[in-house]
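> what's the 3D shape of this:
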Amino acid sequence: MKWLLWLTITLLALLSLGSGFAKLLQSPQEMAFLSQFGLSVTTILAFGSLQLVGGICLAIPISRLLGAAVVGLCFGISTCLLGLSGQLLFAAMSLLPVALCVWVFMASATTQQSQMSDDER
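Numbers count the residues shown, from 1 in each chain. Here you go, the predicted model:
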């Protein structure tokens with residue numbers, strides 16, 4: 001089970017980093033998609049930066065809870081935008097990374113609590 005969590009964290013972090021870099025590099029597809037919702041270049045760059053920070057935090061055990069929350073939030077926003085654009089099938093499939101972020105958050109919170117309990121003994 002531990003290897004599955006590790007694999008999920010790795011994939012989510014890479015996905016978040018890739019999505020963030022696409023926005024920071026101002027990929028034409030990303031810019032066209034996000035600008036149709038009225039997002040400015042500055043907002044898109046901030047969103048990409050948030051995805052990068054989330055992916056990095058997710059990869060570091062001490063900041064994993066924060067990382068899972070940020071990455072899940074970013075994927076959730078992206079999923080909503082996909083739905084609003086009419087790409088319902090892709091939006092539905094994009095719920096999987098959101099759900100995986102919730103699982104990583106819960107598993108990391110449980111691990112953190114058990115470590116704190118061990119430290120108190």
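> distance check, K23 against S35.
Distance, K23 to S35, by C-beta to C-beta, to the nearest Å: 11 Å. Quick note: C-beta positions are derived from backbone N, CA and C, even for glycine.
> show me which of those two is the more surrounded one.
Neighbour tally, K23 and S35, criterion other C-beta atoms under 10 Å: the higher count belongs to K23, 23 against 13.
> the helices in the chain, which residues?
Counting by DSSP state H, the chain has these helices, from start to end: 2-24, 28-35, 41-59, 64-84, 88-93, 95-120.
> any chance of those helices in CSV, plus mean pLDDT?
What follows is the helices of the chain, written out as CSV (pLDDT from 0 to 100):
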stretch, mean pLDDT
helix 2-24, 96
helix 28-35, 96
helix 41-59, 98
helix 64-84, 97
helix 88-93, 95
helix 95-120, 84
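> rewinding a little: quick one: common contacting residues for K23 and S35?
Contact with both K23 and S35 is made by residues I44, according to C-beta atoms under 8 Å, 6 or more residues apart in numbering.
> any idea how far E30 is from the residue most central in space within the chain?
Centroid check for the chain by C-alpha atoms, centre = their mean gives V71 as the closest residue, at 2.1 Å. Distance from V71 to E30, counting by C-beta to C-beta: 17 Å.
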